[in-house]
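Visitor: A structural model of the following input is requested.
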Amino acid sequence: MSIGASRLSDIERASEAGSRYRLRDLFTPLDTLLVSGGDGRLALDPKQRVNAYGCAPSPETRIWNFASSTASTISQGAYDRAALAREELVHKSLFDEIEIAFDRRCEDMREELRGHFQLPPRVDIVFSPSGTDSQLHALFLAHAVFGASPVTIVVGADQTGSGTVHTARGHHFGAMTAGGVAVRKDAAIAGLAGESIAVPLLDVAGLAMRADADAAVVRAIEDSLAQGRRVLLHIMDSSKLGWRAPSAACLDEIARRWPRKVQVVVDACQARLGRRRLRSYLDRGYMVLISGSKFFGGPAFSGALLVPKGLSRALDRIEGIAPGFFDYAGRCDWPMAWTALRSRFERRPNFGQWLRWEAALADIGSYYAVPGAFRAKAMAELAAGIDSMIALSPSLRAVPAAVGTGEADDEEFMQRSIFPFTLLRNGKPVSVADTAAVYRALARDMSDDIVGSAADRQVAAQRALVGQPVRLEQADAAPQAALRLCVGARLVTEAWSSDRAQAQANMQHILDRIANVLVKIELLLDRTAAVPA
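Guide: All right, here's what the predicted structure looks like:
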C-alpha cells in the first residue's frame, strides 16, 4: 500500500508544528534524555534510579562492570561527549531548523562509525533505538528485496534477545514503540507480518552447542523454499553464550545452492567480531545488526543496521511501505542518500537514540585508539585469567565454548570474551530462581547479610554487574541458568598504558576485581541460608 498524498501533507504539517517544541526538548535533563526515545526496557526504577539491568543513566564509578553481554552503565567520557553534543546541536539550531541540524549530525555519526569499523562509503547505516528495532528494519528491507514477506529463520533463537521471537514474524515486541505509539505486544505489524522458524543452538543433553546446527539450518531453508517462500536467514555472531552459527562452510553451501533466494542478516549486536570479519559479511551482501551498547559499553540501547550497497539499490523499487512500520522509524534514521524512502517518513528526531549513539561512539573511538597488539594481548590475558578462576572455583561450572571459532579474521576476538557458568551449592546445581537471586545480589551491598570476617563483609559490600542469567533447558533434568563474566571494550581501554609495567599493573587490577566477584558469589552461596530476592 503506497503512502498517499494526504499522509504526506499530514507529515509535513506535523513536522512544521513539531519544530517549535523540539528545540525545547533538548533542554530536558541529560539523564532523562539518555533514557528517552526507546521502549520499556529503558525505564528506571523510581527508587534505585537504574534500569532492569542495574545500569544508571549517569556514570557510576562505585560499581564494577563485567556485564557487557547485557548492558553497561555509561562511562564518564561517554557522558561528557553526550553533554557536549547536545550543546553543539542547540547552538547549530539557532542558525538552522533543528531537524536539518540533527540530520547533518546523524550523517556525521554514520561517517564516524564507518571510520571506526574501517568500512567503505558504499556501506549504508540505519540507526535505531535498539538492536530489536534494527531487526524490524532488516525485515522491512528483506521484504523490499524479495517483493514479498519472507520466512525468517532465526539461528540461535534460544540465545538472542527476547524480542526476536516477535520481530522475526513482523510483530510488535513491546507495548510501546520508541516513537511513543501504544501497540499490543505480539500483535501483527500491519503489512509486515510473516512467519518464522526457530533453530536453537543448545544441546539439551549436554549443555553445549549442538553438533548438528549446520544441518538444522539447511533443512529449515530447504523446507521453506520448497513452499515457494524466500528466506531471511538470521545468523548468530555471537550469541548470549558467545557462540557463532552456522559455520562458514555452511554459509558457502547456502550461497552456492540458493543464490538470490536467501538473504542473510548477521546478528552481531554483541559486536564481538573482528573488523575484517565484519567487512567480509558486508562484501558477501549480508546485512549486519550492530549495537554500541554491548561489547563497546555504550548506554543501553543503541542499534544500527549496516547495509551493503547492492541492497540499498533495491530501495528504488519500493512502491509501498507497510503501514505499521511508520511507527518504528523516522526520517533521520535513514541515510541521507535514501531520498525517496526518507521522504515518506516523519521528521521526528529521536534525541535519546541520538545521544546514546554519541556516547557509544566515544567508547568505540577510545577502544580503537588502543594499539591492536595490546588489544589482542589484553583479551588473551583476561580470557586466560577468567578461565582459570572459573575452573578453580568449587561453586562454578563453565559452560563449554563452541568449537570452530578463532579464525584469522577474528583478530583480537580469536579469544573468547563471554564466559558463561552455572552455579553449584554443595556440589548440586542451583535453581534458575536462586541463580537470578545471586545475579541481583551481586549488584547490591550485601555486607549485612554475610556472617563472616571483616574481609568477607568487605567483599560482599562491593557492587558488581555481570551478564544476565541465560536459561539453559535440559533433556532429563530441571533447567539451569548461566551467569556470564564478560570482557568489554572498557576493560581493555582502562588497562592500556604506553608504560608496559603500568599496563600490566592495570591488567592485574582488573583480574583482582574479577576474583573478588567470584568470591562474592561463593559467599552468597555458602554463607547465607537463602540469597535475598
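Visitor: quick one: the strands in the stretch 251-400 of the chain?
Guide: 262-268, 287-291, 303-307, 396-398 (DSSP state E, counting those that start in this stretch).
Visitor: tell me which residues in the helix ranked longest in the chain are buried?
Guide: Counting residues, the longest helix found in the chain (DSSP state H) is helix 500-526. Within helix 500-526, the residues scored as buried using 16 or more other Cβ atoms under 10 Å are 503, 506-507, 510-511, 514-515, 517-525. Where you see a C-beta, it was placed from the backbone N, CA and C, and this is true even at glycine.
Visitor: about what we covered before: a markdown table for the strands of the stretch 251-400 of the chain, including mean pLDDT?
Guide: Supplementary listing: those in a markdown table, determined by pLDDT from 0 to 100:
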| stretch | mean pLDDT |
| --- | --- |
| strand 262-268 | 98 |
| strand 287-291 | 98 |
| strand 303-307 | 98 |
| strand 396-398 | 97 |
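Visitor: As TSV, those with distance to residue 100 and mean neighbour count would be great.
Guide: Below are the strands of the stretch 251-400 of the chain laid out as TSV (distance: least, Cβ to Cβ, whole Å; neighbours: other Cβ atoms under 10 Å):
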stretch	distance to residue 100	mean neighbour count
strand 262-268	31	24
strand 287-291	27	26
strand 303-307	22	26
strand 396-398	53	18
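Visitor: Out of the ones you listed, the one nearest residue 242 is which?
Guide: In terms of Cβ to Cβ, the element of the strands of the stretch 251-400 of the chain nearest to residue 242 is strand 396-398, at 11.5 Å.
Visitor: Okay, now the sheet partners of that closest one, with direction.
Guide: strand 418-425 (antiparallel) (DSSP bridges).
Visitor: Give me the sheet partners of the helix or strand just after the strand it pairs with and which way each runs.
Guide: Remark: after strand 418-425, the chain's next helix or strand is strand 428-429, criterion DSSP states H and E. Strand 428-429 pairs in its sheet with strand 418-425 (antiparallel), by DSSP bridges.
Visitor: So residue 152: helix, strand or coil?
Guide: strand (DSSP: H, G, I helix; E, B strand; the rest coil).
Visitor: neighbours around it, how many?
Guide: Residue 152 has 27 neighbouring residues, counting by other Cβ atoms under 10 Å.
Visitor: picking up where we left off before, wait, which of the buried residues of helix 500-526 is closest to residue 392?
Guide: residue 518 (8.9 Å).
Visitor: So which residues of the stretch 1-150 of the chain form strands?
Guide: Going by DSSP E, counting those that start in this stretch, the stretch 1-150 of the chain shows strands at 63-66, 124-128.
Visitor: Just say which of these is most tucked in.
Guide: strand 124-128 (a mean of 24; mean count of other Cβ atoms under 10 Å).
Visitor: helices and strands around it, which ones?
Guide: With contacts defined as 3 or more Cβ pairs under 8 Å, 6 or more residues apart in numbering; DSSP states H and E, strand 124-128 has these neighbours: helix 98-117, helix 131-146, strand 303-307, helix 351-369.
Visitor: can you map out the helices along the stretch 201-350 of the chain?
Guide: 213-226, 248-257, 275-283, 309-314, 339-342 (DSSP state H, counting those that start in this stretch).
Visitor: per-residue confidence averaged over the shortest one?
Guide: In other words, helix 339-342. Averaged over helix 339-342, pLDDT sits at 91.
Visitor: do stretch 145-161 as well
Guide: Rounded mean pLDDT across stretch 145-161 is 93.
Visitor: That one spans what distance, first to last residue?
Guide: The first residue of stretch 145-161 is 25 Å away from its last residue (Cα to Cα, to the nearest Å).
Visitor: Buried ones in that stretch, by neighbour count?
Guide: Applying 16+ other Cβ under 10 Å to stretch 145-161 flags 145-146, 149-161 as buried.
Visitor: One more: stretch 363-379?
Guide: 363-368, 370, 374-379.
Visitor: and it, how far apart are its ends?
Guide: 17 Å.
Visitor: And stretch 111-129, by the same measure?
Guide: First residue to last in stretch 111-129 (Cα to Cα) measures 18 Å.
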